[in-house]
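Asks: sequence plus the predicted model coming up.
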There are 2 protein chains.
Amino acid sequence: MKNFNKILLLLLFSCFALPTFAQKASWIWYPGDFDIYMSNVMQNRRTERGSFFPVFWKMDSHYVLVDFHKEFSLTQPEEVKLFVEGTYNVKIDGQAVSGFPKTVNIPAGKHKLSLKVYSQGAVPAIFVQGKTVVSDETWLTTFEDKEWIDQSGKVSDKSGTTFVTAGSWNLTDPTKLPSQFKLPTKPLQAVSKKKAEAGALYDFGRETFGFIKLHGLKGKGRASLYYGESPEEALSTDKCETLDHLDIDLAQKKDSIMPLSKAFRYVNYQANGGVSVDSVSMLYEYAPVTERGSFKSSDTELNKIYDVAKYTFHLNTREFFIDGIKRDRWVWSGDAYQSYLMNYYSFFDAPTVKRTLLAQRGKDPVTAHINTIMDYSFYWFLGIYDYYKFTGDQKFVQDIYPRMQSLMTYIDGRKNKNGLLEWMPGDWIFIDWADKLSKDGEVSFEQLLYARSLETMALCAKLANDTDGAARYDKQAKELKAKIFELYWNQSKNALVHSRINDKQTDNVTRYANMFGIFFDYFTPEQKLGVKNNVLLNDKVAKITTPYMRFYELEALCAMGEQSYVLKEMKNYWGGMLKLGATSFWEEYNPDKKGVEHLEMYGRPYGKSLCHAWGASPIYLLGKYYLGVSPVTAGYETYTIEPSLGGLEWMEGKVPTANGDISVYMNKKEIKVGSAVGTGTLKIKSKSKPAVKGAEVKEISKGTYEIKIEKGKDYLVNYNPPTP
Amino acid sequence: MKNFNKILLLLLFSCFALPTFAQKASWIWYPGDFDIYMSNVMQNRRTERGSFFPVFWKMDSHYVLVDFHKEFSLTQPEEVKLFVEGTYNVKIDGQAVSGFPKTVNIPAGKHKLSLKVYSQGAVPAIFVQGKTVVSDETWLTTFEDKEWIDQSGKVSDKSGTTFVTAGSWNLTDPTKLPSQFKLPTKPLQAVSKKKAEAGALYDFGRETFGFIKLHGLKGKGRASLYYGESPEEALSTDKCETLDHLDIDLAQKKDSIMPLSKAFRYVNYQANGGVSVDSVSMLYEYAPVTERGSFKSSDTELNKIYDVAKYTFHLNTREFFIDGIKRDRWVWSGDAYQSYLMNYYSFFDAPTVKRTLLAQRGKDPVTAHINTIMDYSFYWFLGIYDYYKFTGDQKFVQDIYPRMQSLMTYIDGRKNKNGLLEWMPGDWIFIDWADKLSKDGEVSFEQLLYARSLETMALCAKLANDTDGAARYDKQAKELKAKIFELYWNQSKNALVHSRINDKQTDNVTRYANMFGIFFDYFTPEQKLGVKNNVLLNDKVAKITTPYMRFYELEALCAMGEQSYVLKEMKNYWGGMLKLGATSFWEEYNPDKKGVEHLEMYGRPYGKSLCHAWGASPIYLLGKYYLGVSPVTAGYETYTIEPSLGGLEWMEGKVPTANGDISVYMNKKEIKVGSAVGTGTLKIKSKSKPAVKGAEVKEISKGTYEIKIEKGKDYLVNYNPPTP
């Protein structure tokens, strides 16, 4: 009887548990549509000294007329609530219900519920809430249902409509229309206030983002806010990058919140006429992501670098991953690609990656490269494959594969007579912000990214079950790769040259193609060594001054085991910004500059962004190359831990994954690891065979050992590090 | 001195006159965008018994971010007023003006004024009003300006942006945003009222369209309106096609206008509870076009047919040319193609043709045929060429040519192994509403339209200066035409067969391909005669029951000089509808049906539209084949008048053109013609040489004479008609 009761309890539990699970409804739409819509909203929030400053590439739009449907098998009739953004109709088994019903009753049995929604200004979206009938990503949707009838009224039986599964965010409140979506805010106070002219300069203590709130505003005249990432900028009323003017006529005191969020540490409040204000505060606006990754070490400066990098990255993680919070606030593909990688070692917020990838790509037809930049199209492909590698989310790859194909078709259509890419009208060849960087002719860097993108296409084609495509892209990638080495490798320079002009190699060697060649693993061991010594560690090759390309440069060095060198570089470069008082990392940093020179860019005294996502790369480098954690097969089913102190006394930290964290502690005697996911391989260099309880230690080459890490167990390894 | 004064006056006059001309500003947008937007608005007004009933093909959207600019050379500074739909910025010579200015001052000299506008819900549009600086179709616009800067702030000098000239309607009121556009209305009263159940049946005297207005509505409960094109429909509260329910709770009397316009002659007002109404009237909604074409003859029935056809056509001419006012209210390409032709002989409203063509085509990518129907894609091409022929508007052809190319590329991509088109998933092969009409295999009708569309592409390519395209399309057209005759012409049947299945001709002969072959002029004289006798005048070949295909059937007969036969057919067919009390012409008419059978279609008792644009074809036939006026070269630069009484005692009428009317009077002795445009050739069959003052008469073949008609002159010709 005891057992019987247990079973009964279990049964009861299942009965209650199942509907609870199924009831999780969310707003749904045509996949990618809300992402595109919301990125339009976000990217159009940029202003420059009060002028609206939109993007210069094509902004796409959602489908304005969308059909949603799903078949349900009900054991009993169900009352279903309907919430819709747009004008709509409802059909049960193809029969229209009159008007715009807020609830429908679905009889027991197998039935199809359809809603068709028209909305021009916001994304057609539905929220369906019954006991078991709920809207989620299993619904099917289309923008052309092609359901015509003949003159007898018979519905066409062979329409050939393409249905795809719906898209969603985590919008689970039926009373809040998707178009009303806003990031959360919380009130923050300034840490100090100083008189400045007729007003005051407020300091919020560190770089921040949000809406300024003016308390007790009163009088008639103009109140102005001048924002600054530096005090110099905020005080420069005629040169600061962002500002707000309010023309008011208030007899009674009133609080006023600025309509557009801004980036600042300092705000300079000025008013003319009889305008007065009681106080100035802010509403800090933030993405509600969880800081799951962590890093701490014996080096307090490095710890500070890590913390400021994470804060920088959090500020730039918004509805999407943006470039910088002060100025562009746009979704740049090259910047976002790095954000994805940082994200995998910090928030592991997969939805923001998906949203950003969808927003960047927009809709067909492709009329330009992503952000108009050739390299940025390629980073987009690379971002998708990384996403799959870190998350194991094959469905997303399948969903986005058609849009990958059309972008690649566009690119393939722009090859020159040599089968290579070079500038064509409409292209921006970016590479990096660097003086005198030639973009002429066939630049090797672009061909390298092209080859890697074709490899990505081949891999994703397989995941999307496009066997022919996989073979075709694979062949194309191999041919291009062979061509790159045939045309750009210079044996005497031991490097890939920068470009070809008029079918001939130029003399120029730059770091770009060479460092990418390393972590793409395109070189032979000899080539790699040649590139390391002749390019990466060669001061005669033009230096990199942006954190953007520092990211890849340091990654390439880490990939070759240069953690000690890179640690010093990190401390110099990011530590250098901290020494100048940075509370977030910058768009560009040149140690040779002095004072306010650091604030200048684009020919404007405060043009530089002092909080730029690409400045946060230590998050990634420390997670991947010091804690040493990275996936081997998709979604961390298998992974490696190859920790490296790089000269530190000790370090500890966590690397997040979709299904839990991997933790690593290391000092010069011990390594502790634990993991909630997959099967790991801990790789250690040790002078003697490491000792560990509950696991086998294999020597795979002289002085290098491997230990298998199973999930749910903790390992303590004693080892004997080789003399540096 | 006198002369000097004259010159001075002239100069003064020019000074004042020029600005007057230049000041004509209108709202402008990216070409096609407002057309697409407004067609979404219009087509989403369809309801079926209170349910929203949208289209089943892809609805496109405007570009949400659009840049406008124009360079001006000003002799003196100018204050310019700006009206914008959307969020915007303003730049003078590339320099942004802060905020959202309502006026800007442009200095004297050469300056560039730019506005960049973002609007998701409505079309980004501007209205610029200065003395000489005004917005019109000479402004340039783009949806991707690609204007990036480098790190020094320098704007890219080689962006490769495609600019196109702006689009506009005749929206010239700056205070009325384009999104607020509405057709005009005027109040109309019912002609009779009859008690019906608890309410009343209102008769508005004839088919009409608009918003029902309930005067003095009061009480609590539900008021319902059941609309009917017939009294049977209005009285059938459970089967009428359209209705309105109002749930009210009004203590005081209030007038209420229904939100959606409807088609009806009868309205059945019913109310429950304590709801009362003083009276019921309507607001007639109409397109403000001018009825320029006219026709009158010795046959009063024919005159009635012409008048009712013109009224039918006017009702179906709205923001766009729609199919029918009761039910679809959609822009169907096959229907619109006929409307274009009728329009050239009635309103000659070129803008409505352009709008409809733009709305149908929408945006790239092409994911389906127009309206999902294969034949309808082809009518779209044909419509563009006709538009050019009648209006001479080469600019429009150039503007739309890229969208013609992408649609043709889509179609070319769907050829089968034989280079022919047959059904593929997603296609609807329509041809006609006809029982047992086979759509299987390779249908000859579709290939014929395909060939004609390729010819159109070749012609438009030339107009758009695409020489290569012209040659390519011309070759493709010739090859397909040859193939059609090789594969479908059956010598023993003296006709094109209906289709091929499994690479073999079917036995089936239908009228469709054969009658199109005639007015496409694809046949040899012998083939033509064979087709006429073996198909068109052969009762064994399945009859046509829709006015839609009657249009082409009668046109083919007219093209072969069968005006007398066609006149009888018109009187039988359209006269037949009039005898049944029609006040507008129907979607379908089968003389064999009885009573309410005439109202039924699509398996619904009142499914048929009793006011369908394609029912109005007598307008076209009478203008083109009786008055006999048609353009030879584009825009009536040259044209022919080949009048034919077809058994009438006399007829007279006007045919409109872009630059004035052509008038024709004819009886059995005299022909009078006059024209405001071009150079005409009057062709007359006469037993003896006709006599005319002020013009030469040439005999071009035995009994056929030509007289050259110059514009601005009136001609009276005495002739001697051959015995019929």
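Replies: Received it, and whenever you're ready, just let me know what you need.

Asks: centroid-nearest residue for chain A?
Replies: A:Tyr340 (3.9 Å; CA atoms, centre = their mean).

Asks: same for the helix or strand containing that residue, what does it pack against?
Replies: For A:Tyr340, the element it lies in under DSSP states H and E is helix A:333-344. Applying 3 or more CB pairs under 8 Å, 6 or more residues apart in numbering or on different chains; DSSP states H and E, we find helix A:333-344 packed against helix A:300-316, helix A:350-361, helix A:374-391, helix A:547-559, helix A:618-621. For every residue, glycine as well, the C-beta is placed using N, CA and C.

Asks: if we use 6 Å, what do you get?
Replies: helix A:350-361, helix A:374-391, helix A:618-621 (3 or more CB pairs under 6 Å, 6 or more residues apart in numbering or on different chains; DSSP states H and E).

Asks: any idea how far the shortest one is from the chain center?
Replies: On the basis of CA atoms, centre = their mean, to the nearest Å, the separation between the geometric centre of helix A:618-621 and that of its chain is 14 Å.

Asks: same for the helix or strand that comes right after that helix, what does it pack against?
Replies: Per DSSP H and E, helix A:618-621 leads on to strand A:629-631 as the next helix or strand towards the C-terminus. Applying 3+ CB pairs under 6 Å, 6+ apart, one finds that strand A:629-631 contacts strand A:638-641.

Asks: in the strand it packs on, which residues are buried?
Replies: Burial within strand A:638-641, assessed by neighbour count using 16 or more other CB atoms under 10 Å in any protein chain shown, is assigned to A:639, A:641.

Asks: can you name the residues in contact with it?
Replies: Here strand A:638-641 makes contact (CB atoms under 6 Å, 6 or more residues apart in numbering or on different chains) with A:628-632, A:673, A:678-682.

Asks: quick check on the residues you listed: which are buried?
Replies: A:628-631, A:673, A:678, A:680-682.

Asks: give the contact list for the closest residue to chain B within the stretch 501-650 of chain A.
Replies: Minimum separation of the stretch 501-650 of chain A from chain B (CB to the nearest CB) falls at A:Gly603, amounting to 3.0 Å. Contacts here follow CB under 6 Å, 6+ apart; on that basis A:Gly603 touches B:152-153.

Asks: can you give me the distance of it to A:Lys239?
Replies: 12 Å (CB to CB, to the nearest Å).

Asks: what residues does the stretch 101-250 of chain A have near chain B?
Replies: With CB under 6 Å from any CB of the partner chain as the criterion, the stretch 101-250 of chain A meets chain B at residues A:118, A:120-121, A:143-148, A:151-153, A:160.

Asks: rerun that using 8 Å as the cut-off
Replies: A:116, A:118, A:120-122, A:143-154, A:156, A:158-161, A:245 (CB under 8 Å from any CB of the partner chain).

Asks: one more: the stretch 401-550 of chain A?
Replies: Going by CB under 8 Å from any CB, the residues of the stretch 401-550 of chain A near chain B are A:424-428, A:433.

Asks: nearest to A:Asn667, of those residues?
Replies: Here the nearest of these to A:Asn667, counting by CB to CB, is A:Trp433; it sits at 39.5 Å.

Asks: that closest one contacts B:Ser152, doesn't it?
Replies: No. Counting by CB atoms under 8 Å, A:Trp433 sits too far from B:Ser152 to count as a contact (9.6 Å).

Asks: on that earlier part again, of the buried ones among the contacts of strand A:638-641, just say which sits nearest to B:Leu449.
Replies: Nearest to B:Leu449 among those, counting by CB to CB, is A:Pro631 at 55.8 Å.

Asks: for that closest one, give me its contacts.
Replies: Neighbour list for A:Pro631: A:389-390, A:637-639, A:657 [criterion: CB atoms under 8 Å, 6 or more residues apart in numbering or on different chains].

Asks: what of A:Lys193?
Replies: By CB under 8 Å, 6+ apart, the neighbours of A:Lys193 are A:200-203, A:280.

Asks: what does A:Arg472 give?
Replies: A:Ala461.

Asks: part of a helix, is it?
Replies: Yes. With DSSP: H, G, I helix; E, B strand; the rest coil as the criterion, A:Arg472 is located in a helix.

Asks: for chain B, see how far away it is.
Replies: 18 Å (CB to the nearest CB, to the nearest Å).

Asks: next: A:Val66.
Replies: Applying CB to the nearest CB to A:Val66 and chain B gives a distance of 9 Å.

Asks: okay, buried residues for the host helix or strand of that residue please.
Replies: Element membership for A:Val66 (DSSP H and E) is strand A:65-74. The neighbour-count check on strand A:65-74 (16+ other CB under 10 Å) flags A:65-70, A:72, A:74 as buried.

Asks: same check on stretch A:163-175?
Replies: A:165-169, A:171, A:174.
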